[in-house]
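Trainee: take a look and give me a structure for this.
(one chain, ligands or ions: 1)
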Amino acid sequence: MENLIYLDNGATSFPKPEEVYVYMDKFFREHGVNPGRSGYDMCMAAGEVLEETRKLMTAFFNGKDPNRLVFGYNSTDALNLAIFGMLKPGDHAITTNVEHNSVLRPLYHLSKDHGVQVDHVPFDGKGFVDPDDIKRRFKNNTRLVAVNHASNVIGTVQPVAEIGRLCRAAGIPFLIDASQTAGKIPVDMEAQCLDVVCFTGHKSLLGPMGIGGMYVREGIEIAFTRAGGTGVRSAQRGHLEEYPYRMEYGTPNLHGIAGLNAGIKWIQKRGMRKLFEHEMHLTTLLRDGLKAVPGVTLYCQDDLINHISVLLFNIDGLEAADTGTLLDVDYNIACRTGLHCAPLVHEQLGTDKIHGAVRFGIGPFNTEEHIRTAIRAVADIAASRRKK
Ligand SMILES: Cc1ncc(COP(=O)(O)O)c(C=O)c1O
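Mentor: The predicted structure is shown next:
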């Protein structure tokens, strides 16, 4: 771990701000009891942190009603609740080739076993989906458009505001997977015409793993597919209809919520835009450095406008997994190789045939020195490959 250069922030951010570790430890020791279940002081204090974090996240997404912000365990959990709860047999859904398996697989199962028809919209040569391509697929029975806000593979940010306006005009619910963007760039329920935003706490929101959730706009209803204890109105036979209880069940991940609370506050204190500018400065250095290395192929990185701090590349003649191993063993650099749980991106790029590619994901704690070392390492590996 010593001197590790961590460039796997697309998978999870690491390290977390010191404040997150400190607050989680303190909170868990002092208030680690089941919130909202009883009236004693410690329980009330735990509940207050839960509700404060609901409000923080609601404001973060420019939502109107904190009760429509529901907590779950990660974005996969939220996406499953939303997708299975919004579609029924005979419905049509539109999604894209930039999706993560946490959208693709629920939709696949709905299409395979539950009579839902699903269209996948490809991206263009630069990695962007054309909103008109989505509009052209609208049908009378289209009940969901689900789009990955930013690709965890190629880093492109999709034009969600434009897609949102088209969906709103057609009366079709619009969901975004904000796993890569929440905490990095604005996610705005109003300005982007969003209906459902699914987020995960452990990436750019700088919280721990096991916390995530969604914001569901007023008027959008999601059938519940899970039920259980809510801590209130226990005599009622069925699960509670109203938000947030409708989408929450069982004891929440309260120390995760506390970590998320500290993560958001840290981002707000530093300024999300400033943090993002830092990451994109490093991404540009990395892109320029790698572009100059003979034998390196970059994917969808020509123009870093509408892009997050994720870079995808391969070295000619080397399997991505081997590049990853060399980076790890010889240079102490952590990255992610393979298909990145987004197989259609690789299918469209053709990289599925060579077992994927190498991804560098830059976070707020990376430095120019990390980037220079990574460029030198890739250049060394590519040069030794050319000699063979
Ligand atoms: C775009 C995207 N969607 C969904 C996920 C799933 O996130 P989690 O594993 O936290 O549920 C990820 C994580 O890699 C992601 O990058």
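Trainee: I figured residue 381 hits residue 329, correct?
Mentor: No - using C-beta atoms under 8 Å, residue 381 is not in contact with residue 329; the gap is 11.1 Å. C-beta coordinates here come from the backbone N, C-alpha and C atoms, glycine included.
Trainee: neighbour count winner among the two?
Mentor: residue 381 (21 against 9; other C-beta atoms under 10 Å).
Trainee: what kind of secondary structure is residue 70 in?
Mentor: strand (DSSP: H, G, I helix; E, B strand; the rest coil).
Trainee: can you check the pLDDT for the closest residue to it other than its chain neighbours?
Mentor: In space, and not counting its chain neighbours, residue 70 is closest to residue 247: 3.9 Å by C-beta to C-beta, 6 or more residues apart in numbering. Model confidence at residue 247, given as pLDDT, is 92.
Trainee: burial of residue 247, as a residue count?
Mentor: Neighbours of residue 247 (other C-beta under 10 Å): 25.
Trainee: gap between it and residue 196?
Mentor: 10 Å (C-beta to C-beta, to the nearest Å).
Trainee: what do the two both touch?
Mentor: Counting by C-beta atoms under 8 Å, 6 or more residues apart in numbering, the residues touching both residue 247 and residue 196 are 214, 216, 222.
Trainee: most neighbours, which of those?
Mentor: residue 216 (32 neighbours).
Trainee: quickly list what it is bridged to.
Mentor: residue 196 (DSSP bridges).
Trainee: picking up where we left off before, the residue nearest to residue 70 is in contact with residue 216, isn't it?
Mentor: Yes - using C-beta under 8 Å, residue 247 is in contact with residue 216, at 7.2 Å.
Trainee: assign residue 10 to helix, strand or coil.
Mentor: coil.
Trainee: what residues sit buried inside stretch 25-45?
Mentor: When neighbours are counted by 16 or more other C-beta atoms under 10 Å, the buried residues of stretch 25-45 are found to be 27, 31, 33, 35, 36, 37, 43.
Trainee: just stretch 143-153 next, same as before
Mentor: Neighbour-count burial for stretch 143-153 [16+ other C-beta under 10 Å]: 143, 144, 145, 146, 147, 148, 149, 150, 151, 152, 153.
Trainee: and the third one, what does it touch?
Mentor: Listed by C-beta under 8 Å, 6+ apart, the contact set of residue 145 reads 93, 94, 95, 134, 163, 167, 172, 173, 174, 175.
Trainee: try 7 Å this time
Mentor: 94, 134, 163, 167, 172, 174 (C-beta atoms under 7 Å, 6 or more residues apart in numbering).
Trainee: buried residues in stretch 304-320?
Mentor: 304, 307-315, 318-320.
Trainee: try stretch 124-135
Mentor: For stretch 124-135, by 16+ other C-beta under 10 Å, it's 127, 128, 129, 130, 131, 133, 134, 135.
Trainee: quick one, strands of the stretch 151-300 of the chain?
Mentor: 174-177, 196-200, 212-216, 296-298 (DSSP state E, counting those that start in this stretch).
Trainee: now render the ones you listed as a markdown table, adding mean pLDDT.
Mentor: Below are the strands of the stretch 151-300 of the chain laid out as a markdown table (pLDDT from 0 to 100):
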| stretch | mean pLDDT |
| --- | --- |
| strand 174-177 | 98 |
| strand 196-200 | 98 |
| strand 212-216 | 98 |
| strand 296-298 | 97 |
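Trainee: can you redo those as CSV with distance to the ligand?
Mentor: CSV is the format used below for these (distance: least, C-beta to the nearest ligand atom, whole Å):
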stretch, distance to the ligand
strand 174-177, 5
strand 196-200, 3
strand 212-216, 6
strand 296-298, 19
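Trainee: so which of these gets nearest residue 64?
Mentor: Closest approach to residue 64 among the strands of the stretch 151-300 of the chain is made by strand 212-216 (9.6 Å; C-beta to C-beta).
Trainee: interface residues of the stretch 51-200 of the chain facing the ligand?
Mentor: Counting by C-beta under 6 Å from any ligand atom, the stretch 51-200 of the chain comes close to the ligand at 74, 75, 76, 100, 102, 148, 152, 177, 179, 180, 200.
Trainee: most neighbours among the residues you listed, which one is it?
Mentor: Highest count within those by other C-beta under 10 Å belongs to residue 177, 32 neighbours.
Trainee: and residue 369, how many residues sit next to it?
Mentor: 9.
Trainee: cool, residue 165 as well?
Mentor: So residue 165, with other C-beta under 10 Å, has 15 neighbours.
Trainee: excluding residues flanking it in the chain, which one is nearest it?
Mentor: Per C-beta to C-beta, 6+ apart, closest to residue 165 is residue 193, 5.2 Å.
Trainee: quick check: mean pLDDT across the host helix or strand of residue 359?
Mentor: Assigned by DSSP states H and E, residue 359 belongs to strand 357-361. The average pLDDT within strand 357-361 is 97.
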